[in-house]
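J.: I'd like to go over a predicted model; first the sequence, then the structure.
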Amino acid sequence: MLPLGLGASTVVALVGFALAGLLWPPYSTLSMALFQRSTPPAQLPQVLAATSSVRVLAVPLGTALGGPLVALFGTGAALRFCAMAIVVLGFTAATAMALRSAAARRSCRWLVGR
C-alpha cells in the first residue's frame, strides 16, 4: 500500500505488491503452527475459535473504517495511513516478542543459577 500512497509509479507499486504477495502463502501455515505450539492442548479449540472470529470480523470492520477514511482524506492519504499503521503494528509486535524472549532468557538464567 505504501508505494501507491506515496505516488510511486504503477511498475514500482506492482513490484511492491508482488514482493508482499510472496509473504502471504506461508502465513496461514505458520500462524496455525504458532498457535498449536504455544497453546496448551486443552485450550486450543477456544483459541482457534477466537482467532477465527477475529479474522471473520476483520474484513467488514476494515471496510467500515476504510470507507469513511477514504471519503474524508482521499485514497492516497488512506493508503499511507494504513501502510504506516501496519508498519507500526509490525514493529510493536516484534519489539514485544523480543522483550518477552529476553525476559524468558533472564528468568531461565536465574533459575539455572539458583
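T.: Sure, I can see it. Numbers count the residues shown, from 1 in each chain.

J.: all contacts plus neighbour counts: C-alpha atoms, from now on.
T.: Will do.

J.: how many neighbours does Met84 have?
T.: 14 (other CA atoms under 10 Å).

J.: all numbers from here: first residue = 8
T.: All set: I'll call the first residue 8, so the last point we hit is now Met91.

J.: What residues sit buried inside the helix or strand containing it?
T.: Using DSSP states H and E, Met91 sits in helix 82-120. By 16 or more other CA atoms under 10 Å, the buried positions in helix 82-120 come out as 82-90.

J.: Could you export those residues as CSV, including pLDDT and distance to Leu26?
T.: Converted to CSV, the buried residues of helix 82-120 look like this (pLDDT from 0 to 100; distance: CA to CA, whole Å):
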residue, pLDDT, distance to Leu26
Thr82, 84, 22
Gly83, 82, 20
Ala84, 86, 22
Ala85, 86, 21
Leu86, 82, 17
Arg87, 84, 18
Phe88, 87, 20
Cys89, 84, 18
Ala90, 82, 15
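
J.: if we take the residues you listed, which one ends up nearest to Ser16?
T.: Ser16 has its nearest neighbour among the buried residues of helix 82-120 in Gly83, at 13.0 Å by CA to CA.

J.: ok, the closest one to Ala15 distance?
T.: Gly83 is 11 Å from Ala15, where distance means CA to CA, to the nearest Å.

J.: Which SSE is immediately downstream of the worst-scoring helix or strand of the chain on mean pLDDT?
T.: Lowest by mean pLDDT, DSSP states H and E among the helices and strands of the chain is helix 9-12, with a mean of 60. Next helix or strand after helix 9-12 toward the C-terminus (DSSP H and E): helix 17-30.

J.: Show me which positions of that next one end up buried.
T.: Neighbour counts over helix 17-30 (16+ other CA under 10 Å) mark Ala20 as buried.

J.: Could you do stretch 48-65 as well?
T.: Val54.

J.: what pLDDT, on average, does it get?
T.: Mean pLDDT, computed over stretch 48-65, is 92.

J.: So which residues make contact with it?
T.: Applying CA atoms under 8 Å, 6 or more residues apart in numbering, the external contacts of stretch 48-65 come out as 42-43, 46.

J.: Which of these fall in helices?
T.: Those of the contacts of stretch 48-65 mapping onto helices are 42-43, per DSSP state H.
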